[in-house]
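In: sequence plus predicted model, see below.
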Amino acid sequence: MIVPEVLTKYNYGEWKIYMKSYLLGEGLWDIVKGIESKPEDPTSPEFKSWREKNAKALHAILISCEEEMLSSIQKRDSAKDAWDHLALMSQGRTSPIGEENMAEDAVPVTRYRALYQAAFWGDWKRTKSLLDDDDGNVSSSSSLITAILLPSWGTVLHVAVSAGHLNLVEKLVDMMTPDTISTITRTCPISALNLAARGGFTKIAEVLVKKNIYSLEIPDDTFGLIPVATACRSGHKDTTRYLYAVTIKETLIQGDRKCGATLLNNAIAYEMYDIVIDLLSHFPRLAIAYDYGGWTTIRVLASMPNAFPSGGLYTTWQHWIYSCAPIYNEKDISSLDMGTTNKDQSSIEAFYI
């Protein structure tokens, strides 16, 4: 074999080193890198030399790839094109995990990296083999199950959820305890359910809630939002409606009512008026609460004129009526009876208290 291991989705970095070494030794690297370009005259001796080298380099690359990678380049007739395409395909597949970011654990860094890649691509067979202990079993207390593979990605479950791999999530959840799927740490400040809410993965959210219903009440450390508010903020209507149906409503008004206000305001913004009506029927004071961004419901409504008939497109007679309506200038407004205005505001606030 030219290389110790054929190219797969997971080993491009190592494969590239061995492949480059071989091509350099055979005098073919300049062909692959395009330094020795294809001559224009097909009858020249230079063209014949290039064609032979290109064929050798392409052959070496083709026989050094596993079937899935081979299928993506087998119709290419240029070694450079094949090489560049493999590099493009493999961008992002090499985990950005560095040793300085790894949890201090006895498990080798290379195993964290491999586990991250397997989970990211939804490869259950490889994920399980990496999680298996010496007896071929996966324990819920395994250090790899709960290890933070990368601070910005979290555990193997976080990686699988973020990538939207439902089947992999189901299998991982089956081998985990309820506590382990909802734990957040300083280096991983968001729960798996909040990630599913952020990505709009309703089916994954159902799996996680079934395992631990209390994860519905766990806020993230970034905005302090529970999953249903996160889903609504991200505009995922199906996920929002599912999470709203299973979330204990009183959770939304705990503390400063920020979660409830965020849910309400974003439900208005994304026209989920069924949720808006239900929320306000239970908690009318949410209408004057501030969401995570400091917005109130009145401000949200003011920014959506098309939500009201008068804010839409007018017919001819409607334009005529509005053209005849009186318009106040700044002097008129400043002369209004502020005592009456303050009295009206007090009445409004008293209604919600």
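Out: Sure thing, it's come through. Numbering: from 1, shown residues only.

In: which ones are touching the residue nearest to Tyr22 when sequence neighbours are not counted?
Out: Among residues not flanking Tyr22 along the chain, Ile2 sits closest, at 5.1 Å (Cβ to Cβ, 6 or more residues apart in numbering). Where you see a C-beta, it was placed from the backbone N, CA and C, and this is true even at glycine. If you count contacts by Cβ atoms under 8 Å, 6 or more residues apart in numbering, Ile2 has them with 18-19, 22, 60, 63-64.

In: check Lys53 too.
Out: 27-28, 31, 36.

In: do you know how far it is from Lys38?
Out: 10 Å (Cβ to Cβ, to the nearest Å).

In: repeat for Leu193
Out: 55 Å.

In: what's the burial count for Lys210?
Out: 11 (other Cβ atoms under 10 Å).

In: apologies, that question was intended for Gly122.
Out: Considering only other Cβ under 10 Å, Gly122 is surrounded by 17 other residues.

In: kindly provide the distance from Pro284 to Leu264.
Out: From Pro284 to Leu264 the distance is 11 Å (Cβ to Cβ).

In: please apply the same query to Val207.
Out: Distance from Val207 to Leu264, by Cβ to Cβ: 27 Å.

In: show me what the helix or strand encompassing Leu243 is in contact with.
Out: Leu243 is part of helix 237-246, with elements assigned from DSSP states H and E. Outside helix 237-246, the residues that touch it by Cβ under 8 Å, 6+ apart are 196-197, 200-202, 205-206, 209, 213, 216, 227-228, 231-232, 263, 267, 270, 272, 274-275.

In: please list only the buried members of those residues.
Out: Neighbour-count burial (16 or more other Cβ atoms under 10 Å) applied to the contacts of helix 237-246 gives 196-197, 200-202, 205-206, 209, 216, 227-228, 231-232, 263, 267, 270, 272, 275.

In: wait, what's in contact with the nearest residue to Thr251 once chain neighbours are set aside?
Out: In space, Thr251 comes closest to Glu217 once its chain neighbours are excluded; the distance is 5.1 Å by Cβ to Cβ, 6+ apart. Glu217 is in contact with 226, 247-248, 251, counting by Cβ under 8 Å, 6+ apart.

In: and the two most separated of those?
Out: Maximum pairwise distance in these, criterion Cβ to Cβ, is 9.9 Å, between Ile226 and Ile248.

In: those two: which has the busier surroundings?
Out: Shown here are Ile226 and Ile248; by other Cβ under 10 Å, Ile226 has more neighbours (28 against 12).

In: OK, contacts around the more buried one?
Out: 194, 216-219, 247, 251-252, 259.

In: cool, and Glu26?
Out: Going by Cβ under 8 Å, 6+ apart, the list of residues near Glu26 reads 56-57, 60.

In: quick one: pLDDT of it?
Out: Note on Glu26: pLDDT of 89.

In: picking up where we left off before, list residues touching both of Ile226 and Ile248?
Out: 216-217.

In: just to revisit the earlier point, now intersect the contacts of Ile2 with the helices, please.
Out: The helices, defined by DSSP state H, take in 18-19, 22, 60 from the contacts of Ile2.

In: closest to Thr155 out of those residues?
Out: Set against Thr155, the nearest of these by Cβ to Cβ is Tyr18 (31.9 Å).

In: related to what we said a few turns ago, okay, and the residue nearest to Tyr22 sits in which element?
Out: Counting by DSSP H and E, Ile2 is part of no helix or strand.

In: per-residue pLDDT of it, please?
Out: The predicted local confidence for Ile2 is 80.

In: how about Val109?
Out: At Val109, pLDDT is 54.

In: Tyr242 now?
Out: Tyr242 is given a pLDDT of 97.

In: any idea how far Cys232 is from it?
Out: 11 Å.

In: isn't Asn167 up against Lys125?
Out: No: Asn167 lies out of contact with Lys125 (Cβ atoms under 8 Å); the separation is 11.4 Å.
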